[in-house]
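S.K.: This is a predicted model, with the sequence first.
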Amino acid sequence: MPRKGMRSVFFRPSPSCTLSDSLMDENIEIARSLITKWDFENSPSHAGTTLFIGDRREARQYIDAVKRLQAAMQYLIAQDSTSQKLVQAQLLMQLAMKKLDHEFHHILAANRDHMDAESVSSRSFTSDSRTSISDFDEELLSSEDDFRFAGGDPITETERVSMLAMADLRVIADCMFSSGYGKECISIYKIMRKSIVDEALRHLGMESLSSSQIKKMDWQVLDWKIKNWMNAIRVAVRTLFYSERILCDHVFPRSEKMKEVCFAEIARDSATFLLRFPELVAKCKKTPEKIFRTLDLYEAISDHLPEIQSIFSFQSTSVVRSQAVSSLDMLGQSVRTMLSDFETAIHKECSKKPVPGGGVHPLTRYVMNYITFLNDYSRVLVDIVADWPLPFQSPLPESCLPNSNLSENESSAVTVRIAWVIIVLLSKLDGKAEYYKDDALSYLFLANNLQYIVRKVRTSSLRILLGGEWLEGHESRIKEYVSKYERMGWSRVLTSLPENPTVEVPPEKARTWVRSFNVAFHEAYRKQRSWIVSDPKLRDEIERSITSKLMPRYRELYDKYRVGLTGGRESDSIRLSPDDLENYLSGILHGKRDFVTFSSSLQSFMK
């Protein structure tokens, strides 16, 4: 109907017109004036312009007029639901909703950058109760005091623009819902915001991958994708999805159902897709080395699980929570499988070639480095192994019991599991010690490897987990191994010397003792010159121990009978002075295969 005709319908004089009728007619006329003014199809001067940019006071008046028009329509329905005035009011309402629909879409599109996930997720409003039209005026929204962060810090211009856009969306949504056009509003909102979420995930490097694609993927490529996913889950949960939940709560504050529908449509599929990736990784071929990346994935989901459950708390988003739990379960199973495979690999390690010099076995280094890194994940390992039965029936030795200072769960679950792996390793090393033909070297091998294990525990967080008693018990075992090495490796040298070198004996007897000692020491040195103790502290302790047993007795004997030892035709057989002996002892257990020559006189002796 032409606008002149609309005016005549609304304001045709009526002899029975009441005050309520007059107010209703006035509300309709005010609404008609503003609605037709901003009808871009019939008002060329406002074509392509937006109501919520520029004079915000008129935007407030427009929203206020629409609400009054709605009140007038409700009055007309109560009076006469078939009246012509009601028909015209409905036509005006359709024009208004079309305009607000356009405005809603424009604000969402124009503020994509301003309403970014990081800005929205870090924002906390001083008040969330601004739902009435009286709050929506230019002076209030133009004041920095209206919107502040939770700590009271002033906002930037960019933040202010974002907040105004959110306030505009909220007012428009409230108006459209009140007028019965909520579905149209939600449809626009879902389409726009879902595209933003999907685009954000693409920028984070998320791509759709099938289980078969991941299984065929080279490990280096998959490892990179796991690292990328770990960054993406942090941004997605704490920023992207969290901000969408805040935005939905702010734009649709009056309807829990609408908030749920919008948020579910926008974020549910993307979140489920994101959280499914770890489950697909858990289904890949398992090797012990992949356990750390698997634990990284488990830790990432576990750390974000409370936020996931809070953000996706709606019934319609329960699939997201279920996917998170499912991925955790699959990752946990994968970790347990890899731990079992790791223990099995230790049992099945079948190399029979002894480590040269009785040094630290590669298996020892590998296992200890592995469990040291593994212990860094003890917080999540507690959850994974808590209800996982141990592979033995009898209890562990007392020295392997958990540290009493730890919590019960951590003690029983992680400590005993790691202690058990070390027992498996030590048992394997006992078997490998048998490959040495020399018993002294076997015990030196055991001392070396146990010293490496103890040092790894003492210098890492394993020290806290296994505790002081564990360390003391195994350090005692090292001393036992060293004692047996000294007894078997140096007993012939020691027994070649008299118990009391100060006792007077004939020179010939003294010469026999010294000659026997020279021969025994030469044999022991020749055999042990390539043996090694890699830990400097342990090597020094062994050197001091052997020196303290040999040097005093030999020096006393040598000094007492020096004259007799250097005379006679057999003097060439007596070449080892106490200083030479001390120099030789300081060079043992360094793993050197060549003789160390300290003086020219010793060269003929060692030939």
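M.R.: Ah, there it is.
S.K.: Helix, strand or coil: sort out the closest residue to residue 217 other than its chain neighbours for me.
M.R.: Distance criterion C-beta to C-beta, 6 or more residues apart in numbering; nearest residue to residue 217, sequence neighbours excluded, is residue 225 at 7.6 Å. Quick note: C-beta positions are derived from backbone N, CA and C, even for glycine. Put simply, residue 225 is helix when judged by DSSP: H, G, I helix; E, B strand; the rest coil.
S.K.: show me where pLDDT drops low in this protein?
M.R.: 1-20, 40-48, 54-55, 114, 116-155, 390-412, 562-575, 592-607 (pLDDT under 70).
S.K.: in it, which helix has the most residues?
M.R.: The residue-count maximum for a helix in the chain (DSSP state H) belongs to helix 318-348.
S.K.: quick one, helices of the stretch 201-350 of the chain?
M.R.: Secondary structure of the stretch 201-350 of the chain (DSSP state H, counting those that start in this stretch): helices at 211-216, 219-235, 242-251, 256-282, 291-311, 318-348.
S.K.: Output those helices in JSON lines; the columns should cover distance to residue 581 and mean neighbour count.
M.R.: As requested, the helices of the stretch 201-350 of the chain are exported to JSON lines (distance: least, C-beta to C-beta, whole Å; neighbours: other C-beta atoms under 10 Å):
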{"stretch": "helix 211-216", "distance to residue 581": "65", "mean neighbour count": "12"}
{"stretch": "helix 219-235", "distance to residue 581": "56", "mean neighbour count": "16"}
{"stretch": "helix 242-251", "distance to residue 581": "75", "mean neighbour count": "22"}
{"stretch": "helix 256-282", "distance to residue 581": "62", "mean neighbour count": "21"}
{"stretch": "helix 291-311", "distance to residue 581": "50", "mean neighbour count": "19"}
{"stretch": "helix 318-348", "distance to residue 581": "42", "mean neighbour count": "18"}
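S.K.: Give the other helices and strands that the longest helix of the chain contacts.
M.R.: On a contact count with 3 or more C-beta pairs under 8 Å, 6 or more residues apart in numbering; DSSP states H and E, helix 318-348 meets helix 256-282, helix 291-311, helix 362-375, helix 378-385, helix 416-433.
S.K.: Next, the angle from the second one to helix 256-282.
M.R.: In this case it means helix 291-311. Calculated by axes from the mean of the first three to the mean of the last three C-alpha atoms, to 10 degrees, helix 291-311 forms an angle of 170 degrees with helix 256-282.
S.K.: what does helix 291-311 contact?
M.R.: Among residues not part of helix 291-311, those counted as contacts by C-beta atoms under 8 Å, 6 or more residues apart in numbering are 223, 226, 229-230, 233-234, 237-238, 241-242, 245, 271, 275, 278, 281-282, 320-321, 324-325, 327-328, 331-332, 334-335, 338-339, 342, 373-374, 377, 379-381, 383-384.
S.K.: again with the third one
M.R.: Contact with helix 362-375 is made by 288, 291-292, 295, 342, 346, 349, 351, 355, 381, 414, 418, 421-422, 425, 428-429, 432, 449, 452-453, 456, 460-462, 465, as judged by C-beta under 8 Å, 6+ apart.
S.K.: Over to stretch 476-484?
M.R.: 439-440, 443-444, 446-447, 450-451, 454, 538, 541-542, 545.
S.K.: do that again at 6 Å, thanks
M.R.: Contacts to stretch 476-484, defined as C-beta atoms under 6 Å, 6 or more residues apart in numbering, come from residues 443, 446, 447, 450, 451, 542.
S.K.: May I see the buried residues of the helix or strand hosting the fifth one?
M.R.: Taking DSSP states H and E as the criterion, residue 451 maps to helix 439-458. Neighbour-count burial for helix 439-458 flags 440-454, 456-457 (criterion: 16 or more other C-beta atoms under 10 Å).
S.K.: With stretch 101-114 instead?
M.R.: Within stretch 101-114, the residues scored as buried using 16+ other C-beta under 10 Å are 101, 103, 104, 106, 107, 108, 111, 114.
S.K.: Let's see which of those residues end up in strands.
M.R.: Using DSSP state E, no member of the buried residues of stretch 101-114 falls in strands.
S.K.: Can I get these in CSV including distance to residue 480?
M.R.: Shown next, in CSV, are the buried residues of stretch 101-114 (distance: C-beta to C-beta, whole Å):
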residue, distance to residue 480
101, 86
103, 85
104, 81
106, 83
107, 79
108, 76
111, 75
114, 72
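S.K.: Looking at the residues you listed, spot the one nearest residue 177.
M.R.: residue 104 (11.5 Å; C-beta to C-beta).
S.K.: That closest one: what's it in contact with?
M.R.: Applying C-beta under 6 Å, 6+ apart, the residues contacting residue 104 are 172, 188.
S.K.: With the one 3 residues further on instead?
M.R.: For residue 107, the contacting residues are 165, 168, 169, taking C-beta under 6 Å, 6+ apart as the criterion.
S.K.: if I look at it, how far off is residue 552?
M.R.: Look at residue 107 and residue 552: by C-beta to C-beta, to the nearest Å, they are 95 Å apart.
S.K.: Residue 511 too?
M.R.: In terms of C-beta to C-beta, residue 511 sits 20 Å off from residue 552.
S.K.: between these two, who's got more neighbours?
M.R.: Higher neighbour count among residue 511 and residue 552: residue 511, with 20 against 13, using other C-beta atoms under 10 Å.
S.K.: Check which helix or strand that one maps to.
M.R.: Secondary structure assignment for residue 511, by DSSP H and E: helix 507-528.
S.K.: ok, and for that helix, which residues are buried?
M.R.: In helix 507-528, counting by 16+ other C-beta under 10 Å, buried: 510-511, 513-515, 517-518, 520-522, 524-525, 528.
S.K.: Specify the angle between the helix or strand that comes right after it and helix 439-458 in degrees.
M.R.: Downstream of helix 507-528, the next assigned helix or strand under DSSP H and E is helix 536-560. Following the same axes, to 10 degrees, one obtains 140 degrees for the angle between helix 536-560 and helix 439-458.
S.K.: packing partners for helix 536-560?
M.R.: helix 578-585 (3 or more C-beta pairs under 6 Å, 6 or more residues apart in numbering; DSSP states H and E).
S.K.: ok, the residue lying closest to residue 169 once chain neighbours are set aside - contacts?
M.R.: Leaving out its chain neighbours, the residue that sits closest to residue 169 by C-beta to C-beta, 6+ apart is residue 251, at 4.8 Å. Residues near residue 251 by C-beta under 6 Å, 6+ apart: 169, 170, 173.
S.K.: Next, find the distance separating the first one from residue 286.
M.R.: With the distance defined as C-beta to C-beta, residue 169 ends up 49 Å from residue 286.
S.K.: Comparing the two, which residue is more hemmed in?
M.R.: Between residue 169 and residue 286, residue 169 has the larger neighbour count (other C-beta under 10 Å), namely 23 against 17.
S.K.: From residue 344, how far out is that one?
M.R.: Taking C-beta to C-beta, one finds residue 169 at 59 Å from residue 344.
S.K.: repeat for residue 201
M.R.: Residue 201 sits 39 Å away from residue 344, taking C-beta to C-beta as the criterion.
S.K.: Pull out the buried positions in the helix or strand where residue 78 lies.
M.R.: Element membership for residue 78 (DSSP H and E) is helix 56-79. Using 16+ other C-beta under 10 Å as the test for burial, helix 56-79 gives 56, 58-70, 72-73, 75-76.
S.K.: For that helix, name the packing helices and strands.
M.R.: Judged by 3+ C-beta pairs under 6 Å, 6+ apart, helix 56-79 is in contact with helix 19-37, helix 84-110, helix 157-178.
S.K.: what does the domain assignment say about the protein?
M.R.: 3-180, 199-331, 349-487, 496-606 (automatic domain parsing).
S.K.: how distant is the shortest one from the center of its chain?
M.R.: What it means is domain 496-606. The chain centre lies 58 Å from the centre of domain 496-606; the measure is C-alpha atoms, centre = their mean, to the nearest Å.
S.K.: Brilliant, that's me finished.
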